[in-house]
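In: Here is a sequence together with a model predicted from it:
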Amino acid sequence: MQSDRQQHPSLYPTVSVVVPVLNERASLDALYSRLNSVLGEISSRFEIIFVDDGSTDRSVEKLREISAIDRSVRYIRFRRNFGKSAALAAGFGAARYSVIVTMDGDLQDIPEQLPLLLNQLDEGYDLVSGWRHNRRDKLAKRVGSRIYNWVTSLLTGVRLHDINCGFKCYRREVLDEVMVYGERHRYIPVLASYRGFRLGEVKIEHAAREHGESRYGLERILGGVFSLLTVILMTRYTNKPLHFFGLMGLLLAGLGSAIDLYLIIARVFFNEWLSNRPLLIIGTLLAIVGVQLVLFGLLAEMVAFSYRRESDYSVVESSEQPASTSSTHDLATAVSRSKTAE
């Protein structure tokens, strides 16, 4: 069946495509036309969900026009700009089908390469990310992206070349278990991997930007760094925060104590004066901060124990609910029926 799907794309499952939009009016007509053409060839049922994240260029007017002539197109409009994570979360919540695709609205993601991601998903993966191996962006953005991907891979253990690529496809169960908010959309693969889902990656082409301006800047870099720290804490230390804060606290307290011990020995045995030694202040400060971090870790342990937002595990099969042997198309039909029943 797998080879049949590769030869006959019409056998692909039903697909929901979620596209965050922020001042992309100039590219919407072409994006819709190309997406509609591709989806019409690979799927019997599909939908395109545009999420207008507070555009100021009248993008919503174009979305109204498109949705009026095509019932498979839907749109969501935010009152103001809430960010890409919020836009994706809204799109995920509105999606009807079991396979969900995300892509940017600036046409740098090439719609015609969507079957490549679905092919990979059909190999048994739960999440497939695009790898823009030949990016058509400015040098600073490419270099920054390489550093970002290397650091993220090193700290999280998720071996993807282009984790921040917006062109991805998911099985619905991944998004049912991973909460998206803040800047967490960047790290859905990390969160999914932590929950035990299988990750795949496929090389895709990348187009040069024809309309609008890139929103890459210092704010996004800082946001990515802070989000990475948050995700590391949430994936590795959610239920054992003392291991994180306690380790840092013991290291700092140990270093501070060692400095102070050296100064005490110097004063007692070598009669050295400490009034002109700033090292004494540094050592004492490190010891105090280290103790505070340990205490903070203990408080975090108490919070983690008393307040739990999600389970620590992900069940794929049990005697009460065996693993499904049906095709993804059947799963999509079931999900669609449940949505209708609701």
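Out: On my side now, so go ahead.

In: Assess the claim that Thr235 and Thr156 are in contact.
Out: Yes: between Thr235 and Thr156 there is a contact at 7.2 Å, judged by C-beta atoms under 8 Å. Just so you know, the C-beta spots here come from the backbone N, C-alpha and C atoms, and that holds for glycine as well.

In: Overlap in contacts, these two.
Out: Val190 (C-beta atoms under 8 Å, 6 or more residues apart in numbering).

In: For those two, work out which one has more neighbours and name it.
Out: Counted by other C-beta atoms under 10 Å, Thr235 and Thr156 do not tie: Thr156 has more neighbours, with 21 against 17.

In: Now do the contacts for that one.
Out: Tyr187, Val190, Ser193, Leu228, Val231, Ile232, Thr235.

In: May I ask which two of those are separated the most?
Out: Using C-beta to C-beta, the two most remote members of the contacts of Thr156 are Ser193 and Leu228, lying 14.1 Å apart.

In: Which of the residues in the helix or strand where Leu28 lies are classified as buried?
Out: Using DSSP states H and E, the element containing Leu28 is helix 25-42. In terms of neighbour count (16 or more other C-beta atoms under 10 Å), helix 25-42 has its buried residues at Arg25, Ala26, Ser27, Leu28, Leu31, Tyr32, Leu35, Asn36, Val38, Leu39, Ile42.

In: again with stretch 41-55
Out: Across stretch 41-55, burial judged by 16+ other C-beta under 10 Å covers 42-43, 45-55.

In: still on that earlier bit, what's the helix holding Leu28 packed up against?
Out: Counting contacts by 3 or more C-beta pairs under 8 Å, 6 or more residues apart in numbering; DSSP states H and E, helix 25-42 packs against strand 15-21, strand 46-52, helix 59-69, helix 114-121.

In: and the angle from that helix to strand 46-52?
Out: 160 degrees (axes from the mean of the first three to the mean of the last three C-alpha atoms, to 10 degrees).

In: pLDDT-wise, which helix or strand of the chain ranks last?
Out: Across the helices and strands of the chain, mean confidence by mean pLDDT, DSSP states H and E is lowest for helix 328-341: a mean of 40.

In: Confirm for me that Val128 is in contact with Lys168.
Out: Yes: assessed by C-beta under 8 Å, Val128 is found in contact with Lys168 at 6.6 Å.

In: just the CA coordinates of the host helix or strand of Phe92, formatted as PDB?
Out: If you go by DSSP H and E, Phe92 is part of helix 84-94. The C-alpha trace of helix 84-94 is given here as PDB (Å, rounded to 0.1, in the frame of the first residue of the first chain):
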ATOM      1  CA  LYS A  84       2.800  32.800  15.600                       C
ATOM      2  CA  SER A  85       2.200  30.300  18.400                       C
ATOM      3  CA  ALA A  86      -1.300  31.700  19.000                       C
ATOM      4  CA  ALA A  87      -2.100  31.600  15.300                       C
ATOM      5  CA  LEU A  88      -1.000  28.000  15.000                       C
ATOM      6  CA  ALA A  89      -2.900  27.000  18.100                       C
ATOM      7  CA  ALA A  90      -6.100  28.600  16.700                       C
ATOM      8  CA  GLY A  91      -5.500  26.800  13.400                       C
ATOM      9  CA  PHE A  92      -4.900  23.500  15.100                       C
ATOM     10  CA  GLY A  93      -8.100  23.900  17.200                       C
ATOM     11  CA  ALA A  94     -10.100  24.600  14.100                       C
END
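
In: Mind giving me the packing neighbours of the helix or strand following it?
Out: Later in the chain than helix 84-94, the nearest helix or strand by DSSP H and E is strand 99-102. Judged by 3+ C-beta pairs under 8 Å, 6+ apart, strand 99-102 is in contact with strand 15-21, helix 84-94, helix 114-121, strand 168-171, helix 172-177.

In: Mind putting those into TSV with mean neighbour count?
Out: Shown next, in TSV, are the helices and strands packed on strand 99-102 (neighbours: other C-beta atoms under 10 Å):
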stretch	mean neighbour count
strand 15-21	26
helix 84-94	20
helix 114-121	21
strand 168-171	26
helix 172-177	18
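
In: Distance to His133 and mean pLDDT for those - can I get that in TSV?
Out: Conversion of those to TSV gives the following (distance: least, C-beta to C-beta, whole Å; pLDDT from 0 to 100):
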stretch	distance to His133	mean pLDDT
strand 15-21	23	95
helix 84-94	23	91
helix 114-121	12	92
strand 168-171	15	95
helix 172-177	24	92
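
In: how about those, which one is nearest Leu285?
Out: helix 84-94 (37.0 Å).

In: Output the contacting helices and strands for the closest one.
Out: Short answer (3+ C-beta pairs under 8 Å, 6+ apart): helix 84-94 packs on strand 15-21, strand 46-52, strand 73-77, strand 99-102.

In: Could you spell out the sheet neighbours of the first one, each with its direction?
Out: Translated: strand 15-21. Here strand 15-21 has these sheet partners by DSSP bridges: strand 46-52 (parallel), strand 99-102 (parallel).

In: rewinding a little: what touches both of Val128 and Lys168?
Out: Common contacts of Val128 and Lys168 (C-beta under 8 Å, 6+ apart): Leu117.

In: show me the contacts for Ser193.
Out: Neighbouring residues of Ser193 by C-beta under 8 Å, 6+ apart: Thr156, Gly157, Val158, Leu199.
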